[in-house]
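Asker: Here is the input, now give the coordinates:
(chains A and B)
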Amino acid sequence: MMETAPSPAVEPFERIQCQWCQSMNEKSALACHACGAPLDIRNLVSESGWREAPRIRDMTEIQFNSSTCQVEGEIVPAAEINLGANDSIFFEHHVMLWKEERVAMSVMSLSGGLKRAFAGMPFIISVATGPGRIAFSRDATGELVVLPLHPGMELDVREHAFLLSSHQIDYSFVRVKGLSNILFGGQGMYMDRFVTTGAPGLLILHGYGNVFERRLQLGESIMVEPGAFLYKDSSVTLNVEFQKLGAGFFGGTTMSLARMTGPGRVGIQSMYVHHHTE
Amino acid sequence: MFCVNCGTPLLDGQNFCRNCGSPVKHPAAAAAPPSPLRATVAQPPLPAQVRNAAPVATGRCNWCGADAAGGQSSCPRCGAALNVTVPLAESGWTQMPARKDMTKLQIGNSSCQIEGIYVPVADMNLAAGDSVYFTHHVLLWKEPQVNVTTMPLKGGWKRLFGGLPLIMTQAEGPGHIAFSKDDPGELIPLSLQPGHSVDVREHMLLAATSNVAYDWFQTHIWFETQNGDDTETHYPVGCFMDRFSSSNTPGLLLLHAGGNVFVRQLAAGQTILIQATSLVFKDPTVQMQLHFEHPASSFITWKPWNNRYLWLRLTGPGRVAIQSVFERIEAGSSEMKRWSAATSARW
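Answerer: As a prediction, this is how the structure comes out:
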């Protein structure tokens, strides 16, 4: 039998895979529907292996659940959410920029949240429920990192770096040991942990400056300034190591670096929180 | 005339009492008390409302409404790019229009070129006799022949009290002078047509042409917190707000806001909740008040005020602009003793 030419009916099933979040998109799409990454721009990977987080075009729309998110602005981008009825998202309340009055608000109670004080307040996660619009932005130049989480993913994020998360994602936080004496005046550093179980979810972070990501192989390590750490897969281990910057008899100072060991993804921000050396 | 504070007789043209230093209310200023309602009379039609599908074909700038026939690529009055559509979010907020680097604006015989993207610079080319005013810390550079003097401000003493710049500086042409602020953000050129006024949150001004009248009013937006014996009053949008008006000739107002700037037109009676510190400017017809929102909560804290959001509620009609970078109001979650007129919602 002769081979027939592919029928035109097959063509609508052609798909482009987003190289950032692996979602499948229609052939004609210019930006990924799940993470907003431009699909017509190739990956920007440095020779050392860091990939630049996709620069989301102004006014890009991202879909999740029954809601959409529009990313506006390129200096300090704002994420504007149009919540579907009964769809909800959670966030730290100080990132709210504006909202419509009809968006219902509630708070999520967290064990340990009262101990983890933030700016003199107990740490409380706020929940907004649709229908209605609400927008978020943070306080410094940077970019939004849109991370659609597939089922069964676990991601650790630097504290206060997450802008919002869809309600399917389970939220908890862990305290990073070993950093307690260096960071934040002895309070230690917390990492927010986001876990998906059965359903996928959307997580949006705000990184200061530019954001870069790399995928570490099993056992591969990279040393990162702790203030630059933005997120990691929970399979990546984080250990703080001290390096003495010797000055002979005169003591010198100690520099701390975070050793991240694979397998998994690591994200860093280029405008980092500077911690004083000991 | 006598000083309203200490009763000392005042001389003509005196701005401050020579005995106690109180600012003098001149009859002209007193006749027009700064009330947000004042400008509702004889407000000329608002500039053409921005639409995302408003192309060049209209021959008008879709940002400020200026006539822009004749194939320019940028609006001569506000610098908005003319050959692009204005991004309009579905929610009704419009972004500041894209502005090409090195865009030039014309104001009378002078011009202003806007340079740079991250921290834009306003580079003024002043014609002889034209002048601009600004606060001295935004001056980036100037040509030696540009004459810089201080501009006396009525009520300056009260301004100092409110933490606002006491001295306005004035530069007179001919020559070049350039201004910039010290953080990444957007430069907003507002062309004020005769009869128009705009209310601007403090510290947003970069420079204005001298034909723009500068006044201020009390916002009456405040709340008091108590910590032990200390009572503290907080002004989330500032104690004072600046009001810029153009009377006979069109003027140019240059503002600088942090991050990205979004503008929307509120219909009469339409409301929106915004972070108080994100406000950039508003039409005088837009009303402001505090708004407390209590989220639904399954647990009871012993400090219920920890669990409450503080908003600024804006009511139309009129135009409002916000910036995406805003300071956090730490005191917003403290216990409040008293506050200005406010609405509240409980979920």
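
Asker: After the lowest-mean-pLDDT helix or strand in chain A, which helix or strand is next?
Answerer: Ranked by mean pLDDT, DSSP states H and E, the weakest helix or strand in chain A is strand A:121-122, scoring a mean of 59. Downstream of strand A:121-122, the next assigned helix or strand under DSSP states H and E is strand A:125-129.

Asker: Does that next one reach chain B?
Answerer: Yes - if you take CB under 8 Å from any CB of the partner chain as the test, strand A:125-129 does meet chain B, through A:S126, A:V127. Glycine gets a C-beta too; all of them are placed from N, C-alpha and C.

Asker: Run through who's touching that strand.
Answerer: A:81, A:83, A:86-93, A:96, A:99, A:103-108, A:110, A:113, A:134, A:167, A:171, B:295, B:309 (CB atoms under 8 Å, 6 or more residues apart in numbering or on different chains).

Asker: Could you identify the buried members of those?
Answerer: Among the contacts of strand A:125-129, those that count as buried by neighbour count (16 or more other CB atoms under 10 Å in any protein chain shown) are A:81, A:83, A:87-93, A:96, A:99, A:103-108, A:110, A:113, A:134, A:167, A:171, B:295, B:309.

Asker: residue closest to the middle of the chain?
Answerer: No chain in the question, so chain A it is. Most central in chain A under CA atoms, centre = their mean is A:L205, positioned 3.6 Å from the mean C-alpha point.

Asker: not quite, I wanted chain B
Answerer: B:V200 (1.6 Å).

Asker: which SSE is it in?
Answerer: Using DSSP H and E, B:V200 falls in strand B:197-201.

Asker: Outside of that strand itself, list whatever touches it.
Answerer: B:36, B:39, B:190, B:192, B:217, B:237-238, B:241-246, B:253, B:255, B:279-284, B:286.

Asker: how about a cut-off of 7 Å?
Answerer: For strand B:197-201, contacts defined as CB atoms under 7 Å, 6 or more residues apart in numbering or on different chains pick out B:39, B:190, B:192, B:237-238, B:241-245, B:253, B:255, B:279-284.

Asker: Let me see the mean pLDDT of that strand.
Answerer: Computed over strand B:197-201, the mean pLDDT rounds to 95.

Asker: what's downstream of it, the next helix or strand?
Answerer: Taking DSSP H and E, what comes next after strand B:197-201 is strand B:205-209.

Asker: quick one, phi psi at the residue nearest to A:Q217 when sequence neighbours are not counted?
Answerer: Excluding its sequence neighbours, the residue lying closest to A:Q217 (CB to CB, 6 or more residues apart in numbering or on different chains) is A:G262, at 5.2 Å. In terms of degrees, to the nearest 10, the main-chain angles of A:G262 are phi -70, psi 180.

Asker: Which positions in the stretch 1-150 of chain A make contact with chain B?
Answerer: Within the stretch 1-150 of chain A, the positions adjacent to chain B are A:58-59, A:70, A:72-78, A:80, A:82, A:93-94, A:96-101, A:104-107, A:109, A:119-122, A:124, A:126, A:133, A:137, A:139-141 by CB under 7 Å from any CB of the partner chain.

Asker: Any quick PyMOL command for the buried ones out of the residues you listed?
Answerer: Entered in PyMOL, the line below selects the buried ones among the residues of the stretch 1-150 of chain A next to chain B, by 16+ other CB under 10 Å:
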select buried, chain A and resi 59+70+72+73+74+75+76+77+78+80+82+93+94+96+97+98+99+100+104+105+106+107+121+122+124+126+133+137+139+140+141
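
Asker: Helices of the stretch 1-150 of chain B, residue ranges please.
Answerer: Taking DSSP state H, counting those that start in this stretch to define them, one finds helices in the stretch 1-150 of chain B at B:27-31.

Asker: Same check on the stretch 151-300 of chain B?
Answerer: B:156-161.

Asker: Show me what from it comes close to chain A.
Answerer: With CB under 7 Å from any CB as the criterion, the stretch 151-300 of chain B comes near chain A at residues B:184-186, B:259-260, B:262, B:271-275, B:278, B:293, B:295-299.

Asker: buried subset of those residues?
Answerer: Using 16+ other CB under 10 Å, the buried members of those are B:184-186, B:259-260, B:262, B:271-275, B:278, B:293, B:295, B:297.
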